[in-house]
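[1] My questions concern the predicted model and sequence given below.
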Amino acid sequence: MVSGFYKSVYDKVKEIPFGKVATYGQIATLLGRPKSAKLVGWALSSLPFGVPWHRVVNRQGMISIENLRASKDLQAKILKSEGIKVIFKQGNYWVDLKKYLWQN
DNA sequence: CGAATGACCAAGC
DNA sequence: GGCTTGGCCATTC
C-alpha cells in the first residue's frame, strides 16, 4: 500500500540522479523526519516497481541486506553499470560516499 | 485502538 | 574500536 510518507520516499528516491547514491538518513531528512531513517528503510522494503532502490545505501555506504526482489549482487551490478565503483569488503558491498553521495 | 515491526543511526560500554 | 542498546515514528496486525 503506497500512502503518504511512503510515496514521498519513493518520489525522493526517484530524484536521485544517475551515477549518484543517497543514504537513508539523508532521505529522511529531506522528507522532514531526520530522526526516522528507519521509516525510509522500511518504505524500501515494499518498493513499487520502477524505483531506483539500488542508489540507496546506509550511512556507511554499505548495502546491508538482500531484498525480496533482488540480491546484493544484483544491486552491486546495477551500481557498477551506472559508473559507480563498488567495493566488496567483509562480506558486503560498499560505495565511496565521498565521491558518489547525492548533493542536492 | 494497543502492540509490534523495520533495507537506520548515534551514543555508550 | 567492535558490539549492544535505545530511540525514532508511519504502517500493519
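    Noted; the coordinates are in hand. Note that the coordinates shown come from a computational prediction; the quantities given were computed from them, not determined experimentally.

[2] So what does A:Asn92 have for phi and psi?
    phi -140, psi 160 (degrees, to the nearest 10).

[3] For it, give the beta-bridge partners.
    Partner residues in beta bridges with A:Asn92, using DSSP bridges, are A:Lys89.

[4] what's the distance between the nearest residue to A:Ser8 once chain neighbours are set aside and A:Thr23?
    Setting aside the residues directly before and after it, A:Ser8 is nearest to A:Leu31 in space (C-beta to C-beta, 6 or more residues apart in numbering), at 5.1 Å. Glycine gets a C-beta too; all of them are placed from N, C-alpha and C. Computed as C-beta to C-beta, to the nearest Å, the A:Leu31 to A:Thr23 distance reads 13 Å.

[5] Could you do A:Arg59 as well?
    Counting by C-beta to C-beta, the separation of A:Arg59 from A:Thr23 is 5 Å.
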